[in-house]
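Participant: build me a model from this:
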Amino acid sequence: MSTPEHAFPPGEGPAAKVSVSLRAGNIRAIKERVGARGFSAYVDAAVERQIERDLLEEALQANENECGPIPQHLRDEAEQLFRSVKSAPELQEERGWHAHEAS
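Facilitator: Below is the predicted model:
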């Protein structure tokens, strides 16, 4: 019994096997982080995060269309906050920022 993908929102529903092509370096990096057994879960979580980012971008665009562009001083403040978080000491350890992006 097969359930169509459109019956579930992002992040929901049973797992289904699909074929995707990834760059060799990305495959190696994923396997180093989670091993072969965690590979699918890692990729699934990455896809879900990308969908969330796409939806956020769409919401930001809709807001700008309705209310106008975000003032530059707020953009600057957000960029400064992001940089301070990214440079936090706990993210400067051996594996650094990239070790925390996947969580």
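Participant: helices or strands up against the longest helix along the chain?
Facilitator: Looking across the chain with DSSP state H, the single longest helix is helix 39-67. Contact partners of helix 39-67 among helices and strands, from 3 or more C-beta pairs under 8 Å, 6 or more residues apart in numbering; DSSP states H and E: helix 24-34. (Each C-beta comes from the backbone N, C-alpha and C, glycine too.)
Participant: related to what we said a few turns ago, quick one: the longest helix of the chain to chain centroid distance?
Facilitator: 8 Å (C-alpha atoms, centre = their mean, to the nearest Å).
Participant: and if you look at stretch 26-44?
Facilitator: 15 Å.
Participant: give the buried residues for it.
Facilitator: Using 16 or more other C-beta atoms under 10 Å as the test for burial, stretch 26-44 gives I30, V34, Y42, V43.
Participant: list the residues that contact Q92.
Facilitator: Contact partners of Q92, counting by C-beta atoms under 8 Å, 6 or more residues apart in numbering, are absent.
Participant: and the pLDDT for it?
Facilitator: As predicted, Q92 sits at a pLDDT of 71.
Participant: need the max-distance pair from the buried residues of stretch 26-44.
Facilitator: V34 and V43 (9.6 Å; C-beta to C-beta).
Participant: how about the contacts made by the closest residue to E52 other than its chain neighbours?
Facilitator: In space, and not counting its chain neighbours, E52 is closest to P10: 7.7 Å by C-beta to C-beta, 6 or more residues apart in numbering. If you count contacts by C-beta under 8 Å, 6+ apart, P10 has them with E48, I51, E52.
Participant: in the longest helix of the chain, which residues are buried?
Facilitator: Applying 16+ other C-beta under 10 Å to helix 39-67 flags Y42, V43 as buried.
Participant: angle of that helix against helix 24-34?
Facilitator: Interaxial angle, helix 39-67 versus helix 24-34 (axes from the mean of the first three to the mean of the last three C-alpha atoms, to 10 degrees): 110 degrees.
Participant: cheers, nothing more for now.
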